[in-house]
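Participant: Pasting a predicted model and its sequence here:
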Amino acid sequence: MERHWSLKRNPFVDPNGGVAIVATPVLEEALARLDYLCRRRRRLGIVYGESGFGKTVVLRSFRRELLACGESNALI
């Protein structure tokens with residue numbers, strides 16, 4: 001892909017080793033709901049959807065945000 005479009009790097013891969021995330025309204029809503037759960041000290045949240053919709057990407061992104069703030073969390 002990079003060669004065909006004369007790109008210097010893959011636009012879908014974060015140079016820091018993660019996956020680059022495109023901010024969409026659905027993504028923002030999912031992150032806002034996860035943030036709500038954490039701020040309200042809820043102990044459980046479920047993210048569900050069809051295969052390939054980005055559930056794991058959303059959760060990993062949110063987990064990185066929590067770790068950066070020093071919060072403990074688990075992704076099961």
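Facilitator: Looks like it came in fine.

Participant: use CA for all of it now, contacts and neighbours both
Facilitator: OK.

Participant: For this protein, which segments are assigned as helices?
Facilitator: Along the chain, the segments classed as helices by DSSP state H run 2-5, 25-39, 55-68.

Participant: Please identify which of the ones you listed is closest to Y48.
Facilitator: helix 55-68 (6.9 Å; Cα to Cα).

Participant: what about stretch 46-66, how long is it end to end?
Facilitator: Start and end residues of stretch 46-66 are separated by 17 Å (Cα to Cα, to the nearest Å).

Participant: in it, what's buried?
Facilitator: By neighbour count with 16 or more other Cα atoms under 10 Å, stretch 46-66 contains the buried residues K55, V57, V58, L59, S61, F62, R63.

Participant: Let's test this: mean pLDDT of it, rounded?
Facilitator: Per-residue confidence for stretch 46-66 averages out to 86 on the pLDDT scale.

Participant: what's it in contact with?
Facilitator: Around stretch 46-66, the neighbours that count as contacts under Cα atoms under 8 Å, 6 or more residues apart in numbering are V19, I21, L27, A30, L31, L34, S72, N73, L75.

Participant: if I pick the third one, what's in contact with it?
Facilitator: With contacts defined as Cα under 8 Å, 6+ apart, the neighbours of L27 are V58.

Participant: before we move on, what about H4?
Facilitator: Applying Cα under 8 Å, 6+ apart as the definition, H4 turns out to have no contact partners.

Participant: re earlier: pull the most distant pair out of the buried residues of stretch 46-66.
Facilitator: Put simply, by Cα to Cα the two of the buried residues of stretch 46-66 set farthest apart are K55 and R63, 12.2 Å from each other.

Participant: Switch the helices of the chain over to TSV; also include distance to G45.
Facilitator: As requested, the helices of the chain are arranged in TSV below (distance: least, Cα to Cα, whole Å):
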stretch	distance to G45
helix 2-5	38
helix 25-39	7
helix 55-68	11
